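Engineer: need a structure here:
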Amino acid sequence: MTSGASEMRTVCGTNLLGKALVAVGVAAALAAVGYAKANGGKAAATTPDSALDVPFEKTFDPKKAGWKLVFEDEFEGTEVDANKWYRPVFASKEPKLIKPDGEGHLVFHMEKDETGKLPNGYLYSVPEYAFGYFEARVKFTTKPGWWAASWIYGGSNQNPFLDGMEIDTVEDFYTRLKDGHRLKNRMAHTIHLHTGCHTSSRQFHTKVEGPVDDWHTIACKWDPLSMAFYLDGRLTASFTAFNAGTCIRPLHAVLSTERRRQDMDTWMGGDAIPGAEEGTYVVDWVRIYRDEVAAAEAPKVIWAPGTDVKRVFSATGSVEQLNAVAKSRFADDPIDQVYLFDNGYMLAHAAGRLGKFKVPLTAEYFDSTTYGVFLCGHSKKKPVFDAYPHVFVAFARTKSGRVGHSAPIYRIPAGEKPSSSPYGDAPAAIPGTIEAWKFDCGGQGCAYYRTPSKRSSKNAPKKNAGPRPDELLTCSKWPVGKTVVTTVGGMSAGDWINYAVDVAKGGTYLATFHYGSAIRSANEAVLLVDGRFAASFAIPAGTDTKSIPNLTSEAEVALEKGRHVVTVLFRSNLTFAGIDFKLKEKL
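Structural biologist: Residues are numbered from 1 along each chain as shown. Have a look, this model is predicted:
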C-alpha cells in the first residue's frame, strides 16, 4: 500500500490524513467485542480509531509554533561533548569511531576491526525528554553492509509505561540496496512497542526525493497520542496511539550505526545488500524542541473513587473497575474524551470527562483488544497473558486537542494476595534484612516473575548456576567493599519477586534498598506489602558502566506486626542485593 512517496511494510500505520489503516474487520471486532466489554457491556458510540482521529500537519516548524529549544548540539570542536552525549555500555568505546571533524560535523567512521568486522557505534543524549520535536540534519551512510539511524529510546525499553519504547525517526538500511530493488533509496520510520518479551512494530517506508547523498533533515514530532515523521520538511508518516501505542516515559535521543545482520536479507527479499564496505555517516546538528505551553495547559487526570489504586495483586478472571476523571484548565475547552491504556495499548474510551471502565483480567478479554489484535512485529505473536504486570494509564483530550494523563496503576494477575512460601521455611526477620537471593519458593508466576528472554529459542529465561540453581532468577556473587554479596541480577521492567517476612514490632520502618544499575535513566523500584502498594525507592540515573550493587535508596514503610509477604516490583534493569529494615517509630 502506498501513500504519496511512502510505502508501508505492515497494515498498521496511518496515511497522511491520520485515519487508521487496520486489517479488514479488526476495528469492527474491537468496537463490538473488546470495547463493549470495557464500556460496561455497551457498544462504543464511536469506533476506536475514530475516537483518536488526529489531524497531522503536512509541514511543521517548531519555532513558528512557539516551541522551546531544550537541546542543541552543533558539534563544534574535535571531541564529543560529554555533558550532552554518552556511549552506552554495549557500544564501541573506540574514540575514532565517533568524532567531530573540527568543522561542525559529527562523523561516524565505519572501519573494519582486527577481525574484519565493522563495529557498531552509538551515542545517547544525556538528558531525556517526554514528548517533543526531535530533529537532525544528516548525510546518510555512503557504503553498503551497514546502516545509520536517528532514534528515540528509553533506559531499557521493556514497557512504555515503566521504562520507555523505541521510536526510529529514520533508519537508512535501504539506501544502498542493489540497483533495481523495490526499496532502494527509501527511508524506514519504525515504532517498537515492547511488553515484556513481546515486541509489536510498525514500519513505514519513505522514498528520498533528490540525491540520497545530499544533506537531509529528519524529524519526529512525538505527542502523547500521536507520532509524525518528517523528511526535509514534509510529512512522510503518521501514527496514532490507537494503532501504534503510546509512552509516558522520557526518552533519550540516539545516533547510531550498525553493521548488517544475518537476517536482513530475508526481510528485504533475498540477497539485497552487497558486502560490507568502510564509509561514513555525518551529522550536522541535533535539536530538540518541547511544547512547554501544552505541558502547562494539559488537563489534569486522576483515578476516581471506585478505583483501588493501591491494590496490585489481583485474581485472574476478576473484573477491574477503573474509573478516571479529567478536569480541563479552561472553561471554554471542555474534556472531549477519556482513554484507557494498558502497557501502551489502547483498551477503551469514553465521551466526556469521566471514564468508567470494566476490565476483565482474562486472556479472552485482552485478545479482543488492541493488546491482542495487533500482531505486527518481529515475533508475529500477541503478548502472552500471564503474571506479567498490567500498567494502566488514563489519558484525556479536550475539544481543542490538549492532552494530559494520569499516574500509572498496576495489576498483577497472580492471585488476590501472594501465595508463595518462605525460602527454607524461614521468613526474613524484621527489623533486619531481606537478602535478595533468599526469595520465596513457588517458581515463575507465584514466587516471582522473570521476563522470558526475547532471544531464547524457547522464549524462557535460562536457569542459573548460583545458590538457587533450579530457579529462573539469576543469582551471582559480587565483591562490594570488603564483603561479597549474593544478588539477583538481570531484573527488568515488570519483573517482581516475593519475600516472606516476620515483623516483630509494628511501626514505621526506614527501608534501605541495595542495588546496582548501569541504566542512565532515572526511575524507581516499587515495594508492595501483601499485594498492595507500600512505598517506592527512587533510582537516579546511573553513571557506572557495570551494575555493581553498591548503591542505595531509602523510603519509609508502615508495617504491622506479624507475617507478611513483601514484593519488589522492578521498573527498570537492576541488580538487586537486598533491603534493610530499621524501626523508626512503633505503632
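Engineer: Please report the distance of the closest residue to residue 314 other than its chain neighbours from residue 390.
Structural biologist: Using C-beta to C-beta, 6 or more residues apart in numbering and skipping the chain neighbours, the partner closest in space to residue 314 is residue 411 (4.9 Å). The C-beta positions use only the backbone N, C-alpha and C, and glycine is treated the same way. To residue 390, residue 411 is 5 Å away according to C-beta to C-beta, to the nearest Å.
Engineer: list the residues that contact both of the two?
Structural biologist: Common neighbours of residue 411 and residue 390 are listed as residue 361 (criterion: C-beta atoms under 8 Å, 6 or more residues apart in numbering).
Engineer: Let me know the secondary structure of the residue nearest to residue 306 when sequence neighbours are not counted.
Structural biologist: The shortest distance from residue 306 to any non-neighbouring residue, by C-beta to C-beta, 6+ apart, is to residue 323 (4.5 Å). Of the three states, residue 323 takes strand under DSSP: H, G, I helix; E, B strand; the rest coil.
Engineer: what's the answer for residue 102, then?
Structural biologist: Per three-state DSSP, residue 102 ends up coil.
Engineer: need the contact list for it.
Structural biologist: 77-78.
Engineer: And the residue nearest to residue 354 when sequence neighbours are not counted, how far from residue 153?
Structural biologist: Distances taken as C-beta to C-beta, 6+ apart place residue 325 nearest to residue 354, at 5.0 Å, with adjacent residues excluded. From residue 325 across to residue 153, the span is 33 Å (C-beta to C-beta).
Engineer: Residue 126 too?
Structural biologist: Distance, residue 126 to residue 153, by C-beta to C-beta: 13 Å.
Engineer: Show me which of those two is the more surrounded one.
Structural biologist: Ranked by neighbour count (other C-beta atoms under 10 Å), residue 126 and residue 153 place residue 153 first, with 23 against 15.
Engineer: ok, the more buried one touching residue 163?
Structural biologist: No: between residue 153 and residue 163 there is no contact, the gap being 10.3 Å when judged by C-beta atoms under 8 Å.
Engineer: what pairs with the helix or strand where residue 563 lies, and is each one parallel or antiparallel?
Structural biologist: Assigned by DSSP states H and E, residue 563 falls within strand 562-570. Applying DSSP bridges, strand 562-570 is found paired with strand 496-503 (antiparallel), strand 523-529 (antiparallel).
Engineer: for the ones you listed, which one sits closest to residue 335?
Structural biologist: Evaluated with C-beta to C-beta, those place strand 523-529 nearest to residue 335, the distance being 29.1 Å.
Engineer: In that closest one, which residues are buried?
Structural biologist: Of all the residues in strand 523-529, those buried under the rule 16 or more other C-beta atoms under 10 Å are 523-529.
Engineer: Now the element after it, going C-ward?
Structural biologist: strand 532-539.
Engineer: ok, and for that following strand, which residues are buried?
Structural biologist: Across strand 532-539, burial judged by 16+ other C-beta under 10 Å covers 533-537, 539.
Engineer: And for the spatially most central residue of the chain, nearest residue in space, chain neighbours not counted?
Structural biologist: Note on the chain: the residue nearest the mean C-alpha position is residue 164, at 2.3 Å, using C-alpha atoms, centre = their mean. Ranked by C-beta to C-beta, 6+ apart and with sequence neighbours excluded, the top spatial neighbour of residue 164 is residue 154, at 1.5 Å.
Engineer: you'd agree the one you found is up against residue 163?
Structural biologist: Yes: judged on C-beta under 8 Å, residue 154 makes contact with residue 163 at a distance of 5.1 Å.
Engineer: Overlap in contacts, those two.
Structural biologist: In contact with both residue 154 and residue 163: 249, 521, using C-beta under 8 Å, 6+ apart.
Engineer: which non-adjacent residue is nearest residue 569?
Structural biologist: residue 526 is the one closest to residue 569 (C-beta to C-beta, 6+ apart), at 4.1 Å.
Engineer: Can you tell me how far the one you found is from residue 540?
Structural biologist: To residue 540, residue 526 is 16 Å away according to C-beta to C-beta.
Engineer: ok, back up a step: pLDDT wise, what is the residue nearest to residue 569 at?
Structural biologist: The per-residue pLDDT reported for residue 526 equals 98.
Engineer: next one: residue 542
Structural biologist: Each residue has a pLDDT score; the one for residue 542 is 78.
Engineer: what's the neighbour count on the residue nearest to residue 444 when sequence neighbours are not counted?
Structural biologist: Spatial nearest neighbour of residue 444, excluding adjacent residues (C-beta to C-beta, 6+ apart): residue 472 at 5.5 Å. Other residues within reach of residue 472, judged by other C-beta under 10 Å, total 17.
Engineer: doesn't residue 472 fall inside a strand?
Structural biologist: No: using three-state DSSP, the assignment for residue 472 is coil, not a strand.
Engineer: hang on, isn't it packed against residue 450?
Structural biologist: Yes: using C-beta under 8 Å, residue 472 is in contact with residue 450, at 4.9 Å.
Engineer: check contacts around the residue nearest to residue 164.
Structural biologist: 128, 160, 163-166, 247, 249-252, 521.
Engineer: Check those residues against residue 398 and report the nearest one.
Structural biologist: residue 247 (20.8 Å).
Engineer: ok but that closest one is inside a strand, no?
Structural biologist: No: assessed by three-state DSSP, residue 247 does not belong to a strand; its assignment is coil.
Engineer: Mark out where each domain of the chain begins and ends.
Structural biologist: Per the record, the chain has its domains at 54-293, 298-413, 423-586, by automatic domain parsing.
Engineer: How far does the last one stretch from one end to the other?
Structural biologist: Start-to-end span of domain 423-586 (C-alpha to C-alpha, to the nearest Å) is 28 Å.
Engineer: next one: the shortest one
Structural biologist: From the first residue to the last, domain 298-413 extends over 32 Å; the measure is C-alpha to C-alpha.
Engineer: low-confidence ranges in the chain?
Structural biologist: Confidence mapping of the chain against pLDDT under 70 gives the ranges 1-51, 92-93, 95, 260-276, 374-380, 454-465, 544-545.
Engineer: which residues in the stretch 101-250 of the chain form helices?
Structural biologist: 241-244 (DSSP state H, counting those that start in this stretch).
Engineer: Spell out the residue ranges of the strands in it.
Structural biologist: When secondary structure is read from DSSP state E, counting those that start in this stretch, the stretch 101-250 of the chain shows strands at 106-110, 121-125, 132-139, 146-153, 166-171, 186-195, 198-207, 216-223, 226-231, 234-240.
Engineer: Against which helices or strands is the last one packed?
Structural biologist: Applying 3 or more C-beta pairs under 8 Å, 6 or more residues apart in numbering; DSSP states H and E, one finds that strand 234-240 contacts strand 186-195, strand 198-207, strand 226-231.
Engineer: mind putting the ones you listed in CSV, distance to residue 215 and mean neighbour count included?
Structural biologist: Output for the helices and strands packed on strand 234-240, formatted as CSV (distance: least, C-beta to C-beta, whole Å; neighbours: other C-beta atoms under 10 Å):
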stretch, distance to residue 215, mean neighbour count
strand 186-195, 14, 25
strand 198-207, 16, 22
strand 226-231, 12, 25
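Engineer: ok, the residue lying closest to residue 177 once chain neighbours are set aside to residue 531 distance?
Structural biologist: Once flanking residues are discounted, residue 177 sits nearest to residue 184: 4.4 Å by C-beta to C-beta, 6+ apart. Applying C-beta to C-beta, the value for residue 184 to residue 531 is 55 Å.
Engineer: which one of those two has more residues nearby?
Structural biologist: Comparing residue 184 with residue 531 by other C-beta under 10 Å, the one with more neighbours is residue 531, at 22 against 16.
Engineer: Near the nearest residue to residue 586 once chain neighbours are set aside, how many residues? Count them for me, please.
Structural biologist: Spatial nearest neighbour of residue 586, excluding adjacent residues (C-beta to C-beta, 6+ apart): residue 507 at 4.2 Å. Using other C-beta under 10 Å, residue 507 has 16 neighbouring residues.
Engineer: swap in the one 10 residues further on?
Structural biologist: Residues near residue 517, counting by other C-beta under 10 Å, number 27.
Engineer: before we move on, what about the one 3 residues further on?
Structural biologist: As a burial measure, residue 520 scores 19 neighbours (other C-beta under 10 Å).
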